[in-house]
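In: Need a 3D model of the following:
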Amino acid sequence: MPARMPLGVFRTRPTLRVFTLAVVVSVVFGGCSSFRNKEDDNAAFKKLLTAPDPPSTIGEAAVPYGMTYARVQGVGVVNGLPRTGAPAIPSELRDRLIAEMKTHDVRAPEKYLESHSTALVVTEAIMPPGIKRGDVLDVGVRVPARSDVGNLSSGWLMPSRLQEIRRLDGTLRSSDVAVIGTGSVLVRGQHEGNGQEMMLEGTILGGGIAQVDRPVGLVIRPEYQHVLLSAQFAKNINRRFYFFDGSTRRGIATPREDDFVEIDVLPRYEHNVHRLIAVVRSISVDGDDQGLHERLGNLAEKLREPTTAAAAALSLEAIGPDAVPVLVEALQTSDPEIRFYVAEALAYLDHEAAIEPLTTLARSEPAFRHPALKALEGMPQPAATEALRALFNESSNELRYGAYTTLRSRPDAAGIVAGQRFGKAYSVHSLPSTAETLIAVSLFRRAEIVIFGTSPEVSLLRPAISRGGIVISPDAAGQLQLSRFVIDKEDRKATAPADVASVCAAVAALGGNYGDCVDVLRTLKAEDAIAARLAFDPAPRPLRTYYREEESGESDGSPKLGPQDITPPPPKEPTLLEKLGL
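Out: Residues are numbered from 1 along each chain as shown. All right, here's what the predicted structure looks like:
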């Protein structure tokens, strides 16, 4: 069993290197033999209190901290399986699970794990930078390599505690509990592929609850490490970024040490923490209002050139409202790349002029869609909501679904994206659209089916059966009969009108979960019973590259890198448990 790390890995910070003023004074004036005369004493004291010359921007002196994605792992048990589980094979994972079950006062855990309705699984989650205690995230599950489990569909993950696990000095060590995960399993084979191995892994959408914060901040480079500089950086950051904490306004930066400034994530940037840190690092250290006019002029010139426009837009966003006139004027450019950078900065400054160019560019250029929708997500203007709703009428699957997921996070759009909830299983949302009907299946964070347009008709000519064992048959009255037969359980049947939304409701009436509904829709599509598009999580992807056009209209063959979303994807690498062959 892994030993406990002495400190929670999410609370570690750079090592303290600062002597307090009291200690300095006691050393200088306390009669230490190293200081033999008053001049030496004064010189040493002055040196300790003299800060290095500051750089022009904070980014020159500090690098981001806490911006990586943390992989946390655990072991758990999936129950409720229709005799597709298997007894847990003796292993280190089984021993860990039994020890954990005993801490929850589970009686006879060894006997419980011998059931064919249970399956031992490895659990995993990815914690993004800046996540707060109580935030929701997805949890992945998979059956270990040595297992007789046949299928995880219809299963429910019992509460599993996930921790960061590392091998230190030849011993497995674990952090404090970082995530607790539980919920219905969406098996990969229900939405992707047909191989048996895909029935042995899945996801609990939104089933994880973060138990710790992951702080972000800035680590100051050695040549600039000084308590006075750390305080100055924090002061300049707080002059630009502050929020109301319920009783008073306070800044987002706290100088914890001479080499570390902690940053609280503003709500406006909670969906793009990487951008907040990039903007903070673009803040000027000087902060001299007299030189602001000259700096604005220099940045305006840099906005004219695509190769320097991205950094210039971040610097103008770092200046704040005083930079809005420069950005608004730069919107007149015909260069789509520059126009995007400018509009994105204006969006994070909550200026309404950003709405039209961002939606236009999202329509025309796939590389801009993800960051453009992310920028529109937090804008306070109702016009942003209307612009996003208008995207429902576009033919692009990812543009429509991306607009929906963006609106879902806006408080003023609750009435637009409201749907029908079927218990705790899943929800179905029907949205008006003039484009071709689209059925979008969520595979991230929420269990939901989104229908753009009227609910598509289901034209089934012969009975069909899903991989989960749900039988769908047409009847003489033009309706659909759904039935499910499970060993040791009462047979269930339901009748539904022949349309997708009604079929989803009937699956819930049979006691089906989200995976069962997805499985049925995929089966009906394979039978050509649904003519509408069926897309699985068609949201715009980050990190797309925009290729600039050559001024001459010809390309030299080398790619011209343009705007990329600055939020990197989670790393894909084998887990420690996988490396150990568990």
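
In: Ranking helices and strands of the protein by mean pLDDT, which lands last?
Out: helix 21-29 (a mean of 42; mean pLDDT, DSSP states H and E).

In: hang on, residue 261 in a strand?
Out: Yes: judged by DSSP: H, G, I helix; E, B strand; the rest coil, residue 261 forms part of a strand.

In: That one - nearest residue in space that isn't next to it in sequence?
Out: Distances taken as CB to CB, 6 or more residues apart in numbering put residue 218 closest to residue 261, at 4.7 Å, once the chain neighbours are dropped. No exception for glycine: its C-beta is placed from N, CA and C like everyone else's.

In: ok, now residue 299?
Out: Leaving out its chain neighbours, the residue that sits closest to residue 299 by CB to CB, 6+ apart is residue 312, at 4.7 Å.

In: That neighbour and residue 330, how far apart?
Out: Distance, residue 312 to residue 330, using CB to CB, to the nearest Å: 9 Å.

In: Pull up the overlap in contacts between those two.
Out: Jointly contacting residue 312 and residue 330 under the rule CB atoms under 8 Å, 6 or more residues apart in numbering are 300, 303.

In: any low-confidence regions in the stretch 51-200 of the chain?
Out: In the predicted model, the stretch 51-200 of the chain carries no residue with pLDDT under 70.

In: Quick check: phi and psi at residue 473.
Out: phi -130, psi 140 (degrees, to the nearest 10).

In: likewise residue 54?
Out: phi -70, psi 150.

In: and what of residue 536?
Out: Dihedral angles for residue 536 - degrees, to the nearest 10 - are phi -100, psi 110.

In: Tell me which residues touch it, please.
Out: Residue 536 neighbours (CB under 8 Å, 6+ apart): 191, 192, 440, 441, 443.

In: please redo it, this time with the cut-off set to 7 Å
Out: By CB atoms under 7 Å, 6 or more residues apart in numbering, the contact set of residue 536 is 191, 441, 443.

In: So which of the residues you listed are in strands?
Out: residue 441 (DSSP state E).

In: Looking at the contacts of residue 536, which is nearest residue 293?
Out: residue 443 (50.2 Å; CB to CB).

In: Report how many residues lie close to the spatially closest residue to that closest one that is not a sequence neighbour.
Out: Nearest residue to residue 443, sequence neighbours excluded (CB to CB, 6+ apart): residue 537, at 3.8 Å. Residue 537 has 14 neighbours, counted by other CB atoms under 10 Å.

In: Relative to residue 516, how far out is residue 537?
Out: As judged by CB to CB, residue 537 and residue 516 stand 18 Å apart.

In: Using PDB, write out every CA atom in the helix or strand hosting residue 343.
Out: Using DSSP states H and E, residue 343 falls within helix 336-348. C-alpha atoms of helix 336-348 as PDB (Å, rounded to 0.1, in the frame of the first residue of the first chain):
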ATOM      1  CA  PRO A 336      -8.500  38.200 -39.900                       C
ATOM      2  CA  GLU A 337      -5.700  37.100 -37.600                       C
ATOM      3  CA  ILE A 338      -5.000  40.600 -36.200                       C
ATOM      4  CA  ARG A 339      -8.800  41.200 -35.900                       C
ATOM      5  CA  PHE A 340      -9.100  38.100 -33.900                       C
ATOM      6  CA  TYR A 341      -6.300  39.000 -31.400                       C
ATOM      7  CA  VAL A 342      -7.900  42.500 -31.000                       C
ATOM      8  CA  ALA A 343     -11.400  41.200 -30.500                       C
ATOM      9  CA  GLU A 344     -10.300  38.600 -28.000                       C
ATOM     10  CA  ALA A 345      -8.600  41.200 -25.900                       C
ATOM     11  CA  LEU A 346     -11.700  43.400 -26.000                       C
ATOM     12  CA  ALA A 347     -13.900  40.500 -25.000                       C
ATOM     13  CA  TYR A 348     -11.900  40.000 -21.800                       C
END
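
In: what's the very next helix or strand once past it packed up against?
Out: Using DSSP H and E, the helix or strand that follows helix 336-348 towards the C-terminus is helix 355-364. Helix 355-364 sits against helix 336-348, helix 366-377, helix 382-390, with contacts defined as 3 or more CB pairs under 7 Å, 6 or more residues apart in numbering; DSSP states H and E.

In: Report the inter-axis angle for the shortest one versus helix 336-348.
Out: Here the directions of helix 382-390 and helix 336-348 differ by 130 degrees (axes from the mean of the first three to the mean of the last three CA atoms, to 10 degrees).

In: Excluding residues flanking it in the chain, which one is nearest the residue nearest the centre of the chain?
Out: Residue closest to the mean C-alpha point of the chain, counted by CA atoms, centre = their mean, is residue 128 at 5.9 Å. The shortest distance from residue 128 to any non-neighbouring residue, by CB to CB, 6+ apart, is to residue 69 (5.8 Å).
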